[in-house]
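Q: need coordinates for the below:
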Amino acid sequence: HIGDSYISWDVENLWSHSQQDSAVKVKPLLASDDPTFAAQLGFTVAMKLNMHVNRLFTYTFALQPFLNFTMQGDSSTGQICLNGTYDLSFYTMSKLNLNYPW
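A: Prediction:
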């Protein structure tokens, strides 16, 4: 988890931005006598948009791309194989709230 960042707007405060500090720690491990190696990397960025208009209309859109890479190799032969996949999921919803007395 790298961190979160939010941008919001309301009538009283107008635009506001909040962000959490983040830290990423990496500790590589190396085998001593094994000529083969493998690595895997996954990366995703989740984005979400919520919009409310005077309690009359609500719209939500969420997008989440995911990248996945796998690398395998052999240092004795000098061969490296890199495979990658890309997935994308999204969600959208809109809601109209009409609450008028008849």
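
Q: when you work out contacts or count neighbours from here on, use the C-alpha atoms and nothing else.
A: Fine.

Q: and Phe37, how close does it get to Asn68?
A: Look at Phe37 and Asn68: by CA to CA, to the nearest Å, they are 17 Å apart.

Q: which residue is nearest the middle of the protein?
A: Ranked by distance to the mean C-alpha position of the chain (CA atoms, centre = their mean), the top residue is Val45 at 1.6 Å.

Q: who are the neighbours in contact with that residue?
A: Gln64, Pro65, Phe66 (CA atoms under 8 Å, 6 or more residues apart in numbering).

Q: look at it and report its pLDDT.
A: For Val45, the pLDDT comes out at 79.

Q: again, but for the one 3 residues further on
A: At Lys48 the predicted local distance difference test score is 84.

Q: do I have it right that it meets Ala62?
A: Yes - in this structure, Lys48 is within contact of Ala62 by CA atoms under 8 Å, at 4.2 Å.

Q: ok so, going back, nearest to Leu82 among the contacts of Val45?
A: Closest approach to Leu82 among the contacts of Val45 (CA to CA): Phe66, at 16.6 Å.

Q: any idea how far the nearest residue to the closest one once chain neighbours are set aside lies from Ala38?
A: Counting by CA to CA, 6 or more residues apart in numbering, Phe66 lies nearest to Thr44, which is 4.4 Å off, once chain neighbours are set aside. To Ala38, Thr44 is 21 Å away according to CA to CA.

Q: on that earlier part again, export the contacts of Val45 to CSV and tack on distance to Asn13, pLDDT and secondary structure?
A: What follows is these, written out as CSV (distance: CA to CA, whole Å; pLDDT from 0 to 100; DSSP: H, G, I helix; E, B strand; the rest coil):
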residue, distance to Asn13, pLDDT, secondary structure
Gln64, 29, 87, strand
Pro65, 31, 88, strand
Phe66, 34, 88, strand
